[in-house]
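J.: need coordinates for the following:
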Amino acid sequence: MIEAVKKRIENKRVLILGFGREGRSTLKLFLSAGGAGELAIGDVKEIDLSRLAESDETFADMDLSKIVLHCGREYQKVIDDYDLVMKSPGIVLEKPAEEYDAEILSQMQLVFEVYRDRIIGITGTKGKSTTTTLLYHILKEAGMPAVLAGNIGIPVFDILDEIREDSVLVLELSCHQLEYMTVSPKRGVLLNIYEEHLDHYGTMEKYVASKKKIYVNQTKGDLLYVHPSVAPQSGVYKGKSILVDAVSCYGHADEEKDRINNEEVLLQGTRIVYKERTFDIPTEEISLLGAHNYLDIAFVYGICCDMGISDEQFLSGLRSYVPLPHRLQFIGTVEGISYYDDSISTIDETTIQALNTIENADTVLIGGMDREISYVNLEEYLSQSKVAHIILMEATGKRIYEEIMKNMPDFQGKERLYVVEHLKDAVKLAKEITAKGGSCILSPAAASYGIFKNFEERGECFKELVLDRNDTK
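T.: Residues are numbered from 1 along each chain as shown. Predicted coordinates for the structure are as follows:
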C-alpha cells in the first residue's frame, strides 16, 4: 500500500484537507511514504504542529518543518494551487469536485484502488454500524483474518499494518466517504435509504446518488446485498444483486418459493432462509432487539453463507456479539422505570422502530437540530400509537408539535404531547410522568449537532441525567 501511495504523491503538490483524526493519519502515511513535492494542510481551525507529537508519539521522529499550513475561514481557496487534495469525509467542498483543477481524493479511494477485491463495503442510512461490527465479529470468531475500519470511527489508513495477504476488509462507508468514489467494492451492502443529510446535499436525489456509489462501479462477478426498495434496476447494474427482505409468509405461496429459488435472503419473523439453508435467530439469547436488527442479521447471514461460515459458527458469533452503545441500549431500571438510550436515531423511521420494539413504551423523548426533513410519517404513527407520553424538545420537537396542532385536527390524544426546551428538562419531566413498570425511550429522530458534539455525547448525557449524575444540559 505504501508503494501505491508513494507513486500517487511523488513530485506532486499535496494538500490534506481537514486535520481531524483522518487528516492526521493521512499525514502520517504520506510522511512515511515520502516523495511529495510539497505537503500542506488546510483546516478552518488553527493548527499547532509543534504539539502534534504530544498527542501521537509516532510523529516524534518525523520532520514537520516543511509542511505548509492554510488555516482559517478561507482555507479552501488554495485547493487549485495543488495537484492532489486528500479530503476528509467531514469537509464540505465549496463547489462541486469536478469544478476544481486539483484531483480530489480520499483515504477510501486509495485503499479501494489497492484492495478492492478483498473489501466488503457496507452502507445505508441506518443500521450500517451494527451490520458492519456484527459481520466483523462473526468473521473473526470463525477464524477469518478480518479487519475493521471506516465510518465506524477508525480511519482506514490506521489499519494498514493489520492487513495480511488473506485479510478481508470490513468497511463501514458513509455517504460522505462514498460521494467522490470511482471504485466500488467486490462485495457491497446497501441496507436502506431514508431522507437524511439534506442540509449537506440539498436534494434527495444527490444523497441517493452518493449511496449508489457502493455499486455503480461494480463489475461482472461482483455481489451486492441489497434491500429490494433500493435495489438497482435490472439491465443497468453489472454485478449480481442478492435481495435481502422481510416477508410475511414462508414455504406456502408460489411467490415465496420463487424468491427462494432466486437465491434471495428472506427473513420471516425470526427465521432466515437463504439458498438451501435455514437459520432461526435465538432472540432470547442475543442482545440485539427488534425486527430492524433481525433484518441486519439476515444481511450478515447471507454474506457469511457465501463466505463459507457454518451455521454453528454464525450462531456462536451472534450470541457473543455485544451491540454498540446508543442503539436502543438498555440503561437500567430506576424507581420502577426502564430507560433506553436510542440516541443514534436521527430520522423518523428509527423512532418508529424503537417504539415498535419496546412493548411497554410509556414515554418517548423526541427532538434535536432541525434539518427540515419530513416528520409526517412519525406524526401519523404517534397519533395511532399507544405511547402515553410524547415529550418534544429542541427545534424539531417544537416543529413537530406545531405541525400536529396545525395540520392534524384528528390527532388522537393531543394531551399526550409535552413541549420542553432541552434534554435536561425532558428527562426531569419523564421521571415525573412515566408509569412505574413502563419504559422511557430517548429516540430523538433528529441530529444532535449544535446542541451536543455528536449523538454519543447526547446518549451519555441522557444516561447521566437518568442516573442523576449530570445536571448541565
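J.: show me what the strand or helix carrying Phe112 is packed up against.
T.: Using DSSP states H and E, Phe112 sits in helix 107-115. Under the contact definition 3 or more C-beta pairs under 8 Å, 6 or more residues apart in numbering; DSSP states H and E, helix 107-115 sits against helix 2-9, helix 21-33, strand 168-172. Quick note: C-beta positions are derived from backbone N, CA and C, even for glycine.
J.: and among those, the most buried is which?
T.: Of all the helices and strands packed on helix 107-115, strand 168-172 has the most neighbours on average by mean count of other C-beta atoms under 10 Å, namely a mean of 25.
J.: just checking, next helix/strand downstream of it?
T.: With DSSP H and E, the next secondary element past strand 168-172 is helix 175-178.
J.: tell me the mean pLDDT for that following helix?
T.: Per-residue pLDDT values over helix 175-178 give a mean of 94.
J.: can I get that helix in PDB, CA atoms only?
T.: Only the C-alpha atoms of helix 175-178 are listed here, as PDB (Å, rounded to 0.1, in the frame of the first residue of the first chain):
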ATOM      1  CA  CYS A 175     -22.400   8.900   2.200                       C
ATOM      2  CA  HIS A 176     -19.600  11.400   2.600                       C
ATOM      3  CA  GLN A 177     -17.000   8.700   2.100                       C
ATOM      4  CA  LEU A 178     -18.700   7.400  -1.000                       C
END
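J.: name the strands paired with whatever helix or strand comes next after that helix and say parallel or antiparallel.
T.: Proceeding N to C from helix 175-178, the next assigned helix or strand is strand 187-190, under DSSP H and E. Looking at strand 187-190 with DSSP bridges, its partner strands are strand 119-123 (parallel), strand 223-226 (parallel).
J.: give me whichever of those is most buried.
T.: strand 119-123 (a mean of 28).
J.: tell me what angle that strand forms with helix 107-115.
T.: Comparing the axes of strand 119-123 and helix 107-115 via axes from the mean of the first three to the mean of the last three C-alpha atoms, to 10 degrees yields an angle of 150 degrees.
J.: got the angle between strand 119-123 and strand 168-172?
T.: Using the same axes, to 10 degrees: strand 119-123 against strand 168-172 is 20 degrees.
J.: and the average pLDDT for strand 119-123 is what?
T.: Computed over strand 119-123, the average pLDDT equals 98.
J.: can you give me how far that strand is from the chain middle?
T.: Chain-centre distance of strand 119-123: 12 Å, with C-alpha atoms, centre = their mean, to the nearest Å.
J.: tally of neighbours for Glu457?
T.: As a burial measure, Glu457 scores 15 neighbours (other C-beta atoms under 10 Å).
J.: before we move on, back to that, reformat the helices and strands packed on helix 107-115 as JSON lines; add mean pLDDT.
T.: Shown next, in JSON lines, are the helices and strands packed on helix 107-115 (pLDDT from 0 to 100):
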{"stretch": "helix 2-9", "mean pLDDT": "93"}
{"stretch": "helix 21-33", "mean pLDDT": "94"}
{"stretch": "strand 168-172", "mean pLDDT": "98"}
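J.: in a markdown table, list those along with distance to Leu39.
T.: Converted to a markdown table, the helices and strands packed on helix 107-115 look like this (distance: least, C-beta to C-beta, whole Å):
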| stretch | distance to Leu39 |
| --- | --- |
| helix 2-9 | 8 |
| helix 21-33 | 6 |
| strand 168-172 | 26 |
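J.: ok, which of those comes nearest Leu105?
T.: Nearest to Leu105, of all the helices and strands packed on helix 107-115, is helix 2-9, at 7.7 Å by C-beta to C-beta.
J.: could I get the very next helix or strand once past the closest one in PDB with only the CA atoms?
T.: Sequence-wise, the next helix or strand downstream of helix 2-9 (DSSP H and E) is strand 13-17. Taking C-alpha atoms only, strand 13-17 is exported to PDB below (Å, rounded to 0.1, in the frame of the first residue of the first chain):
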ATOM      1  CA  ARG A  13       1.900  19.300  -4.500                       C
ATOM      2  CA  VAL A  14      -0.400  17.600  -2.000                       C
ATOM      3  CA  LEU A  15      -3.000  19.200   0.300                       C
ATOM      4  CA  ILE A  16      -4.500  17.400   3.200                       C
ATOM      5  CA  LEU A  17      -8.000  19.000   3.600                       C
END
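J.: from the middle of its chain, how far away would strand 13-17 be?
T.: A distance of 27 Å separates the centroid of the chain from that of strand 13-17, by C-alpha atoms, centre = their mean.
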